[in-house]
Structure formats: structure tokens, C-alpha cells
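Engineer: No sequence on hand, only this structure:
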């Protein structure tokens with residue numbers, strides 16, 4: 001067996017056919033031998049290896065493939081405009097480029113063939129099609145679980161999903177053993193998600209594909225880009241509503257749905273108290289299969305040791321038990337509470353949209369924060385922005401550096417902006433008791449409030465107080481500070497607390513201790529940011545830039561969920 005494993009890794013041409021089933025059978029045979037003939041000598045070690053094999057197979061962890069729908073659209077345009085594409089694809093209409101969206105959607109599921117990726121000069125087209133062949137090869141060598149999920153980022157339409165589905169069927173894989181996972185991110189995309197999925201489920205070719213996948217559809221929902229797009233309250237509420245609608249749709253059509261939550265570390269990216277969030281979901285949301293991302297420093301802090309991993313996994317499991325057994329039927333948002341939540345989300349959304357539209361919004365991040373330096377650290381999972389345009393556009397800005405830059409300014413805007421304004425609006429209407437009732441009745445709303453409190457607790461405006469006197473950005477800094485003060489006031493009022501995070505003394509103490517470590521580094525960083533704007537010497541600017549970048553390492557790690 002040792003020789004077989006060695007050959008499979010380094011000299012596969014020497015090996016006999018090597019399967020997971022045969023390897024497992026050999027281990028079971030060994031276990032039986034040591035049990036019956038050798039008084040269980042090394043039996044525990046063999047059992048552990050068998051268990052690891054059952055859990056991880058030959059691949060250790062499934063590899064997900066992920067690409068933006070806009071890249072897919074460009075790739076598909078290159079494929080369909082290839083002069084002799086009809087030679088490689090069956091049922092391909094010659095007038096495809098001039099078809100309407102409805103006509104293209106009708107044609108896409110019918111396309112099949114075997115397009116060689118080597119015929120394309122465009123790098124993205126060749127690599128995207130090659131990745132499909134690589135998925136097939138991984139499954140051949142390591143089993144289906146080695147790589148069976150393809151996530152479509154920035155998914156907006158039915159065509160976005162069917163284009164990828166067609167690319168697989170056009171790559172010699174007519175019945176792909178792959179789960180196609182749309183990622184709905186912005187507020188508008190989340191609103192459209194039920195309609196998009198209904199049309200997808202009603203397509204006969206895709207329906208047959210789902211039947212081969214045990215009638216189960218995984219749907220990813222993006223907390224990070226949702227918050228970046230719509231603000232804290234609206235993003236979380238939009239995801240909640242989308243889950244309700246998609247759960248009902250799946251049930252009505254006899255399907256199972258697994259929600260894959262794109263959660264990051266901080267509350268602004270769906271982080272915070274994960275246990276409380278999942279325990280708060282209502283019965284209208286399918287929760288038999290919950291998947292979530294664990295990102296950045298949160299991986300090591302939550303799962304880096306046996307004790308912390310066990311604790312956090314127990315928290316997640318107990319959230320399901322609490323929701324499905326003890327609190328069943330008590331977490332539904334109905335009647336006046338639902339109207340209040342809708343009203344708060346809408347008012348906070350309007351405040352956040354006005355804030356985003358401020359002419360100093362992007363310049364402030366570019367010149368007063370660490371945003372331009374994220375890419376230089378080489379520790380991020382993604383680039384600072386999408387696209388190649390020199391001028392930074394909000395839509396191109398990635399969520400990790402966006403949220404991280406606010407965090408390292410100790411302003412944490414995405415975790416509270418609009419919350420105070422929304423609650424103050426209800427107070428001005430004379431209906432603040434409705435907000436108090438929502439707080440008392442809804443575990444979901446309380447979780448939102450507590451996580452926003454965490455964002456406020458991690459803010460420290462004294463660090464950037466010098467900006468209020470800045471000729472260009474002083475007024476903009478003041479807008480942020482006033483919303484911070486208002487949010488703090490209103491969250492204390494709705495909760496009845498006398499101080500932020502009053503209900504989580506351990507968590508609050510942890511933040512205070514980490515801040516003592518982080519604040520000196522942040523002060524150095526601010527000193528360097530100020531110096532760069534004033535310094536004329538190119539050499540000294542480079543030294544200051546290195547100070548900012550080096551400080552980022554410590555700041556991000558010590559903050560735990562800064563990105």
C-alpha cells in the first residue's frame with residue numbers, strides 16, 4: 001500500500017489502477033488483521049486513518065472554482081464570435097449575436113459540443129475553458145468531491161447562470177457532475193434572485209441536471225458586497241427576505257436549497273456573533289444545510305487550535321438545535337414587526353446611498369485611508385479592485401479592502417452607517433415604541449443591533465480627529481462622526497443598555513485588550529499617511545509607504561476581523 005501511494009504521487013505510470021474504494025478496503029482488512037491476530041496493536045492509528053479517508057478522500061478539501069459573471073460574459077462573446085464555432089458546437093445559431101435576451105436564454109441550454117480551449121488567443125477565454133477541463137480531470141483522479149462547485153460571482157440574471165452551464169456542455173461534458181452556484185450580492189440582485197431561480201428551475205434541461213444532483217440547489221448570498229452596496233441594515237434584511245422567498249420557491253417546486261453565506265470576519269461583512277445569527281432565523285427559511293465562509297484571521301482565531309475549533313463548531317451546531325428545537329415558530333417576523341424592520345432598512349438605505357453619493361466618498365478612501373496599500377501587502381485573497389481602469393469606481397472596489405480601510409481608520413462605517421438615522425427617523429415619527437417592540441420580539445433584529453454595537457465599540461474617532469480641520473475632508477469626516485454618535489445614542493436607547501456591548505462583557509474586554517496593541521501601530525500608520533501628503537522627497541515617501549504597509553500586517557491580524 002505504501003508503494004502504491006508513493007507511485008501514485010510520483011510515478012503514476014508504474015501503478016495499477018488506484019481507487020479510493022480499494023484503498024479503503026485494504027485499510028479495513030488491516031484493521032481486521034490487527035484486531036483478530038495482534039491484540040489490537042496499532043488499531044487506533046488504523047481507525048484514525050480510515051476516518052480521515054472517509055472525511056477527506058484523496059483530496060483533503062473540495063476545491064471551489066469561482067469567477068465573475070462579467071468575465072463569463074466576455075468569454076462567451078469570444079466563444080460565440082469564433083468564425084467556425086459551428087464545427088465545435090451543436091445547435092449553435094448563426095444569428096446568435098443579434099438575438100434578444102429571451103432568445104439567447106432559450107438557446108443556451110441546448111448547446112453542446114467539444115470546443116478546444118487552445119483555439120482562443122484571449123487569455124481569459126482559454127483559461128476559463130481550461131478550468132472546466134481541469135475540474136473534470138480532478139474528479140477523474142480524486143473523485144467528484146475533489147472539485148464539484150463553480151460559483152458565479154456578481155450573478156444578476158438567468159443568462160449569467162445558463163452561459164456557464166452552456167460552457168460546460170460545450171466542453172465535452174454534456175452531463176456535468178458539477179453544482180452551479182449563483183452568488184447574489186447587491187440589494188437589487190437579491191431582490192431579483194427568486195425570479196431568476198424560478199426561471200432556472202422551470203428550464204427543462206437544467207431541471208434534468210438538478211435531478212442528477214439529488215434535486216438540490218446551492219445558492220450563495222454575499223454579505224460583504226451587499227453591505228458595501230446597500231448599507232448594514234438593508235443588506236442583512238435583503239438577504240433575510242431573499243432566503244424566505246427562495247425557500248418557499250424551492251419547497252413549492254419540490255427542491256432542496258442550501259444557502260451558502262459569503263460571510264467575512266467583521267459585522268459589516270456578515271461576521272460578528274455567527275451563533276446568534278443562525279439561531280435567529282425564522283422557520284420560513286430552509287436550514288437543513290447551512291454553508292458559510294470562514295475568512296482571513298477568523299480561520300486561525302476560531303479554528304486554529306483544537307479547543308477553539310471544538311468550541312466554535314459546538315456554537316454553530318447548538319444554533320441549529322436552538323432554532324429548530326427550542327425556538328421553533330418563535331422567530332418569525334410578522335405584522336407590525338415586519339413593517340418596522342422594512343421601514344428601518346429603507347431609511348438606513350436612503351441615508352447610506354446619500355453618503356455614498358457624496359463627492360468626497362472615493363477621494364477620502366483613496367487619500368486618507370490605507371485602501372491603496374492593501375494590494376502591496378500580498379496577504380489579501382483578492383485584488384483591491386476589479387477591472388483595469390486607472391480611476392477608481394465604486395462598483396470595482398472589492399469588499400475586503402473597502403471594509404478593511406474603514407476598520408483601520410477606526411471608523412467602521414459599513415457596520416453602522418444609516419442605523420442611527422433610521423432609528424432617529426422612527427423616533428421623530430413618534431413611533432419609537434415599534435422599534436422597542438421589534439427589539440423585544442425579534443432575535444434577528446437583536447442580533448443586528450448587537451453586531452452593530454460591536455462595530456461601534458471597535459471605532460475610535462480620536463485617532464482621526466485631526467481630519468476635522470482638514471480643508472478638503474473636514475466636513476466629510478464630521479458627517480461620519482455625527483452618524484457614529486447618533487448610532488451609538490439610538491442603539492443604547494432601543495436596547496435599554498447604559499453602554500455598548502453591555503450584554504457581552506467578555507467580548508468587549510477582548511476588544512479593549514486588542515485595541516491597546518493596535519492603537520500604537522494605527523498611530524504610526526496615520527503619521528505616515530499624513531507625511532506622504534506633505535512630503536516632497538520621493539525617497540522619504542517610499543519610506544513612509546513601507547511604514548504603512550508594514551503596519552497593515554500587525555493591524556489586520558491583531559484586529560482579528562478587520563477584513
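Structural biologist: Thanks, I have the structure now. On a predicted model such as this, the values are computed, not experimentally measured, just so you know.

Engineer: alpha carbons only for contacts and neighbour counts from here, please
Structural biologist: Fine.

Engineer: Can you tell me the element residue 181 falls in?
Structural biologist: Residue 181 is part of strand 179-184 when elements are defined by DSSP states H and E.

Engineer: Correction: the previous question concerned residue 472.
Structural biologist: For residue 472, there is no host helix or strand (DSSP H and E).

Engineer: circling back to that earlier point, go through the next helix or strand after the strand holding residue 181 and flag the buried ones.
Structural biologist: Under the assignment DSSP H and E, the closest C-terminal helix or strand after strand 179-184 is helix 187-201. Residues 187, 189-197, 200-201 are the ones in helix 187-201 that count as buried (16 or more other Cα atoms under 10 Å).

Engineer: Pipe those residues into JSON lines and attach distance to residue 324 and pLDDT per row.
Structural biologist: Formatted as JSON lines, those follow (distance: Cα to Cα, whole Å; pLDDT from 0 to 100):
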{"residue": "187", "distance to residue 324": "28", "pLDDT": "93"}
{"residue": "189", "distance to residue 324": "29", "pLDDT": "95"}
{"residue": "190", "distance to residue 324": "25", "pLDDT": "95"}
{"residue": "191", "distance to residue 324": "26", "pLDDT": "96"}
{"residue": "192", "distance to residue 324": "28", "pLDDT": "96"}
{"residue": "193", "distance to residue 324": "25", "pLDDT": "97"}
{"residue": "194", "distance to residue 324": "24", "pLDDT": "97"}
{"residue": "195", "distance to residue 324": "28", "pLDDT": "97"}
{"residue": "196", "distance to residue 324": "29", "pLDDT": "97"}
{"residue": "197", "distance to residue 324": "26", "pLDDT": "98"}
{"residue": "200", "distance to residue 324": "29", "pLDDT": "97"}
{"residue": "201", "distance to residue 324": "27", "pLDDT": "97"}
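
Engineer: Which one of these is nearest to residue 520?
Structural biologist: residue 187 (37.5 Å; Cα to Cα).

Engineer: Residue 189 is in contact with residue 160, isn't it?
Structural biologist: No. Judged on Cα atoms under 8 Å, residue 189 makes no contact with residue 160 at a distance of 12.0 Å.

Engineer: Nearest residue to the middle of the chain?
Structural biologist: Nearest to the mean C-alpha position of the chain, counting by Cα atoms, centre = their mean, stands residue 262 at 2.2 Å.

Engineer: out of everything not next to it in sequence, what's closest to that residue?
Structural biologist: Of all residues not flanking residue 262 in the chain, residue 222 sits nearest, at 4.7 Å (Cα to Cα, 6 or more residues apart in numbering).

Engineer: Next, give phi and psi for the one you found.
Structural biologist: phi -100, psi 110 (degrees, to the nearest 10).

Engineer: Give me the three-state assignment for residue 281.
Structural biologist: coil (DSSP: H, G, I helix; E, B strand; the rest coil).

Engineer: Tally up the residues packed near it, please.
Structural biologist: Per other Cα atoms under 10 Å, the neighbour tally for residue 281 reads 27.

Engineer: Same check on residue 65?
Structural biologist: Applying other Cα under 10 Å, I find that residue 65 has 15 neighbouring residues.

Engineer: you'd agree it is in a strand?
Structural biologist: Yes. With three-state DSSP as the criterion, residue 65 is part of a strand.

Engineer: Would you enumerate the residues in contact with residue 531?
Structural biologist: By Cα atoms under 8 Å, 6 or more residues apart in numbering, the residues touching residue 531 are 541, 544.

Engineer: Please give the element, helix or strand, for it.
Structural biologist: helix 505-534.

Engineer: could you point out which element follows that helix?
Structural biologist: helix 538-559.

Engineer: How far does that next one sit from its chain's centre?
Structural biologist: 27 Å (Cα atoms, centre = their mean, to the nearest Å).

Engineer: Measure how that helix sits relative to helix 505-534, angle-wise.
Structural biologist: Helix 538-559 and helix 505-534 are oriented at 170 degrees to each other (axes from the mean of the first three to the mean of the last three Cα atoms, to 10 degrees).

Engineer: so how far is the helix or strand containing residue 478 off the chain centroid?
Structural biologist: Secondary structure from DSSP H and E places residue 478 in helix 474-495. Centroid separation for helix 474-495 versus its chain: 27 Å, with Cα atoms, centre = their mean.

Engineer: For it, give me every contacting residue.
Structural biologist: Contacts for helix 474-495 (Cα under 8 Å, 6+ apart): 360-361, 411, 413, 416-421, 423-424, 435-436, 439, 449, 453, 456, 461, 467-468, 498-500.

Engineer: And stretch 41-58, by the same measure?
Structural biologist: 20, 24, 27-28, 30-31, 34-35, 142-143, 146.
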